[in-house]
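S.K.: Okay, sequence plus prediction incoming.
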Amino acid sequence: MDTPDPSFAEDAAGLRQAMEYYADQGWTDGLPVVPVTESYLAEFLAFSGRDPDDVLLDMPHLNRALTVRLAAINAALAGCRPGYFPVVLAAWESLVAEGYVGRAIWQSTTGTAPFLIVNGPVRERLGLNSTGNVFGSGFRANATIGRAIRLGAINAFGLRPHELDQATQGTPAKYTACIAENEEQSPWPALHTEFGLAAADSAVTAMVIRSCVHIEARHTKVPEQLAADLAGTIARTGALIHETISAALVLSPEHARLFGAAGWSKADVRQAVYERAVLSWPELVAAGKEAVSSRTRWRLPADHPDALPVPDSGSLHVLTSPEAVLVLVAGAGNAGVSAVVETFGPRGGPPPVVRVGV
Amino acid sequence: MPAVSICTDPFVLTAGAMARSYGFPGFEYVIIPHPVASLSAGQIRERARGLMPDLLRILGVE
């Protein structure tokens, strides 16, 4: 092994000192961050094509706002390459369009995370993973683009745990949650093309999520059985805080192919899952969630003073509508494993698909 | 209009952070035990009665 260059040891010591300083200031998510200088920041801003003082997200109740400059600083801190910044910007724009972050959801005890779905040619250009271990670690673009949002929440808005972030438990997705769609192994049109963009466009769709639950279904070739397995995971009483819920189905290529080979479109999958995601009256009563509040529309028992009258029989479609289910494909084509991502939206309208600029 | 904020004890840290972000680091709250969401109507009334002395003190009622 060669003797290390003495100047490298000095630089490394300086770098460690800077990282310790940033950690002492509370500018991290707990992991080390990359030191940011004016010249490094300029490299990010060069990719934005926007005024650095443009406000991306305003939270008047906190007296704070996120500008393009602050978004760039936090992308650099997160370890993004400057060329990732257009995707980070589109992610912020998508979160704003979705609407929940502006309504203080990041301060909620629920403990949500922003989940980002990337489509289009930018996936390959930046090396975004859409195949094996898609929710896991190992890919710089996925890891740091997702992290750029979290660090923005911490540093621009002061949303630190035990302070303005009141999450009771939070979720591991709060560190980072960014996947790319495996468009190449999907039997259907890509997510962004369902909502008006061209296949040649790149896009980010951001969603506030609570949880990501995996299903094992390696046993079946019957689309109805697979739909029932997915629906069984969606229809759990613990997911119900409000009257009904939404979900994103992140299907592995094997599961998507099973549906596709049976001639099912995405709309068919949505409809089949909606029809099967049902809780019976006794199941709701057993959990004390058979009624909804006249004030908050939160679920509670029928004998609660705020409870609206409920029918004493029948069952509940837990999904708001078939359109409250997003369907996309990600992961390796090696097993019948898929995921139900428990999302806040969409609750009627389309998801916030935002084109990546520059 | 004079007003008093009420929060349950696990939210004291956040309440303090909110007050600081508005430039009122010493802002005083009525602090009551947690939880509230699962209380009955009778228990809620009891809580309300119990917090009145603190609430009137913060309002400056002699």
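M.R.: That came through, no problem. Numbers count the residues shown, from 1 in each chain, chains lettered A, B, ... in the order given.
S.K.: for chain B, which helix is longest?
M.R.: In chain B, taking DSSP state H as the definition, the longest helix is helix B:41-59.
S.K.: for it, which positions count as buried?
M.R.: Buried residues in helix B:41-59, defined by neighbour count with 16 or more other CB atoms under 10 Å in any protein chain shown: B:54, B:58. For glycine as for every other residue, the C-beta is placed from the backbone atoms N, C-alpha and C.
S.K.: mind checking how far the nearest residue to residue A:314 once chain neighbours are set aside is from chain B?
M.R.: What sits nearest to residue A:314 in space, not counting adjacent residues and going by CB to CB, 6 or more residues apart in numbering or on different chains, is residue A:281, at 6.0 Å. Remark: distance between residue A:281 and chain B (CB to the nearest CB, to the nearest Å) = 22 Å.
S.K.: go on, residue A:317?
M.R.: Distance of residue A:317 to chain B, given as CB to the nearest CB: 26 Å.
S.K.: Just to check, that residue is in contact with residue A:274?
M.R.: Yes. In this structure, residue A:317 is within contact of residue A:274 by CB atoms under 8 Å, at 6.4 Å.
S.K.: Would you mind telling me which of these two has more residues around it?
M.R.: residue A:274 (22 against 17; other CB atoms under 10 Å in any protein chain shown).
S.K.: Pull up the per-residue confidence for that one.
M.R.: What the model reports as pLDDT for residue A:274 is 97.
S.K.: same deal with residue A:141?
M.R.: So residue A:141 comes in at 98 (pLDDT).
S.K.: what's the burial count for it?
M.R.: Residue A:141: 22 neighbours (other CB under 10 Å).
S.K.: same check, this time on the one 3 residues further on
M.R.: Per other CB under 10 Å, the neighbour tally for residue A:144 reads 22.
S.K.: Now do the contacts for it.
M.R.: Contact analysis of residue A:144 by CB atoms under 8 Å, 6 or more residues apart in numbering or on different chains lists A:75, A:78, A:79, A:80, A:81, A:84, A:176.
S.K.: do that again at 6 Å, thanks
M.R.: A:78, A:79, A:80 (CB atoms under 6 Å, 6 or more residues apart in numbering or on different chains).
S.K.: which secondary structure element contains it?
M.R.: helix A:140-157 (DSSP states H and E).
S.K.: how about that helix: buried residues?
M.R.: Neighbour-count burial for helix A:140-157 [16+ other CB under 10 Å]: A:141-157.
S.K.: can I assume residue A:130 sits in a helix?
M.R.: No. Read with DSSP: H, G, I helix; E, B strand; the rest coil, residue A:130 is coil and lies in no helix.
S.K.: Name the nearest residue to it, ignoring sequence neighbours.
M.R.: Excluding the flanking residues, the one nearest residue A:130 by CB to CB, 6+ apart is residue A:180, at 3.7 Å.
S.K.: before we move on, what about residue A:61?
M.R.: Nearest non-adjacent residue to residue A:61 (CB to CB, 6+ apart): residue A:104, at 6.4 Å.
S.K.: likewise residue A:206?
M.R.: Distances taken as CB to CB, 6+ apart put residue A:94 closest to residue A:206, at 3.7 Å, once the chain neighbours are dropped.
S.K.: next one: phi and psi at the residue nearest to residue A:314?
M.R.: The phi/psi pair for residue A:281 (degrees, to the nearest 10) reads phi -60, psi -50.
S.K.: next one: residue A:309
M.R.: phi -60, psi 140.
S.K.: related to what we said a few turns ago, and the residue nearest to residue A:130, what is it in contact with?
M.R.: Residue A:180 neighbours (CB under 6 Å, 6+ apart): A:118, A:123, A:128, A:130.
S.K.: switch the cut-off to 10 Å
M.R.: Residues near residue A:180 by CB atoms under 10 Å, 6 or more residues apart in numbering or on different chains: A:87, A:116-120, A:122-124, A:126-131, A:134, A:139, A:141-142, A:145, A:202, A:204, A:328, A:330.
S.K.: Name the nearest residue to the residue in chain B positioned nearest to chain A, ignoring sequence neighbours.
M.R.: Closest residue of chain B to chain A, CB to the nearest CB: residue B:17 (4.2 Å). In space, residue B:17 comes closest to residue A:163 once its chain neighbours are excluded; the distance is 4.2 Å by CB to CB, 6+ apart.
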